[in-house]
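>>> just the structure for this:
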Amino acid sequence: MESGMDMDIAKAMVGSGAGDSERILDLLFSYMPKIAAERRMDSLLVLMADLGRSLVQADRCSLWLIDSDTNELWTKVAHGVKQLRIPIGAGFVGYSVKSGEALLVEDAYADERFDRRSDNLTHYRTTSVMTVPLRDGNGKVMGVYQAINKKGDSAVFSKQDLERLALTAVYSAKTIESAQLTEELQKSKDELEATQEELIHILGDISESRSRETGDHIQRVAEISYKLAVYYGLPKAEAERIRLAAPMHDLGKVGIPDAVLNKPGRFTDEEFATMKSHAVRGEEILQKSKRDLLRFAATLAGAHHERWDGTGYPRGLKGEEIPLAGRICAVADVLDALASPRCYKPAWPEDKVREEFQKQRGKQFQPELVDVLLEHWDEMFNYFRRIRAEVEALRQAAAV
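Now for the predicted structure:
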């Protein structure tokens, strides 16, 4: 969608006495919607360089941006070449940065401000040049629009070309500034999400470290949950959300006494009630967060011990009353629990684990999720086969 400013620029370009106003209009109405819809900096620079080159009929056009960290000017878009970097004060673009002035040069090699390094690097011959500063919303120079070598009948750029490039620079600077802000916001969002994921795994590791369960339990549950979600048909984004939240399913165990948590024998009724409280404890801890991912993890933590037939805990939810993420995590959690050694039992044989899921189809677990598990059984159980083979190899080596 074009802004009023975009339309003002378009009118100014066409109303500058140009005989090729129809060509200018076609270019503007072709490029401006694409530029307005684009949010990736690399693609924006390509589009704007192409627009500038076409408007002034240049052989090459590029947008140079200031790198304040290295005190350089750089361009990702210089037609016919890859990324270039030059000192911030070098050449015509450096002059426009320092002075804030536009340049219209007929013969580059006759001008002492010309920096020949780009030509030497690219084996190119620069003749006519235009440079126009790009200014941010505060009027500060943020880069330079540069056009090189006029094409067509005229060998040099005209003042009208410079006016068109200057108008395009106003539009381009506004667009670049907006894109940079978008990139910064996205970077902040990515960092926040990465921090949340790291926090989830740290807290999950803390809850797991208090138990004598086999290592990497939460990672296995997370990965199995993700695969179940994908094969069940959930969108990749939703499956990923489950993968990120699953490590928190047993967070509530941080409040369970060690004597109960690591008891090798059967629980008394009182001990079992204490152990069951971990689902609600974890849910309550995570619900205090304002972050969507952690609140989603709260739902999963509170639901992963519910049963499809309604006989689970803590609320006795039945069927689709149980949140889907909890249903999926329940399958993954039990698979890992049965296939791995615990303080109260050895790992079950593979056939017995498979048989238990078939028996609990429609009872403990949603039938369709059991079907998904069994359909992809080899992939799901392969990790446990590998661990068992490694343990057996160590046992045999120790016996020699």
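
>>> SS state for the nearest residue to Leu324 once chain neighbours are set aside?
For Leu324, ignoring the flanking residues on the chain, the nearest one in space by CB to CB, 6 or more residues apart in numbering is Leu234 at 7.9 Å. (Each C-beta comes from the backbone N, C-alpha and C, glycine too.) Secondary structure assignment for Leu234 (DSSP: H, G, I helix; E, B strand; the rest coil): coil.

>>> can you count the residues close to Leu234?
18 (other CB atoms under 10 Å).

>>> just for this structure, where's the confidence low?
1-25, 28-29, 32, 39, 42, 76-82, 181-215, 391, 400 (pLDDT under 70).

>>> which residues of it fall in strands?
58-67, 72-75, 84-87, 103-105, 129-135, 141-150 (DSSP state E).

>>> with mean neighbour count added, can I get those strands in CSV?
Formatted as CSV, the strands of the chain follow (neighbours: other CB atoms under 10 Å):
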stretch, mean neighbour count
strand 58-67, 22
strand 72-75, 20
strand 84-87, 16
strand 103-105, 19
strand 129-135, 25
strand 141-150, 24
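
>>> so which of those strands is nearest Val221?
Nearest to Val221, of all these, is strand 58-67, at 44.7 Å by CB to CB.

>>> which strands and helices lie in contact with that closest one?
If you count contacts as 3 or more CB pairs under 8 Å, 6 or more residues apart in numbering; DSSP states H and E, strand 58-67 packs onto helix 41-56, strand 72-75, strand 129-135, strand 141-150, helix 159-209.

>>> residues in contact with Met142?
Applying CB atoms under 8 Å, 6 or more residues apart in numbering, we find Met142 in contact with 65-66, 134-136, 173, 176-177.

>>> next one: Val97
66, 73, 88-89, 133, 141, 143-144.

>>> as JSON lines, those with distance to Gly312 would be great.
Formatted as JSON lines, the contacts of Val97 follow (distance: CB to CB, whole Å):
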{"residue": "Ile66", "distance to Gly312": "61"}
{"residue": "Leu73", "distance to Gly312": "64"}
{"residue": "Ile88", "distance to Gly312": "66"}
{"residue": "Gly89", "distance to Gly312": "71"}
{"residue": "Pro133", "distance to Gly312": "67"}
{"residue": "Val141", "distance to Gly312": "65"}
{"residue": "Gly143", "distance to Gly312": "61"}
{"residue": "Val144", "distance to Gly312": "66"}
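
>>> can you tell me which of those is closest to Ser277?
Nearest member of the contacts of Val97 to Ser277, counting by CB to CB, is Ile66, at 58.8 Å.

>>> nearest to Leu47, out of the strands of the chain?
strand 58-67 (10.3 Å).

>>> pretty sure Asp336 contacts Ser225?
No. The pair Asp336 and Ser225 fails to qualify as a contact (CB atoms under 8 Å) at a distance of 10.1 Å.

>>> ok, now how distant is the residue nearest to Leu324 from Arg243?
Taking CB to CB, to the nearest Å as the measure, Leu234 falls 11 Å from Arg243.

>>> kindly report the same for Arg385.
22 Å.

>>> which one of those two is surrounded by more residues?
Neighbours per residue, other CB under 10 Å: of Arg385 and Arg243, the larger number sits with Arg243, 20 against 12.

>>> what sits against the nearest residue to that one once chain neighbours are set aside?
Take Arg243 and drop its neighbours on the chain: the residue closest to it by CB to CB, 6+ apart is Tyr226, 3.7 Å away. Contacts for Tyr226 (CB under 8 Å, 6+ apart) come out as 239-240, 242-243, 246.
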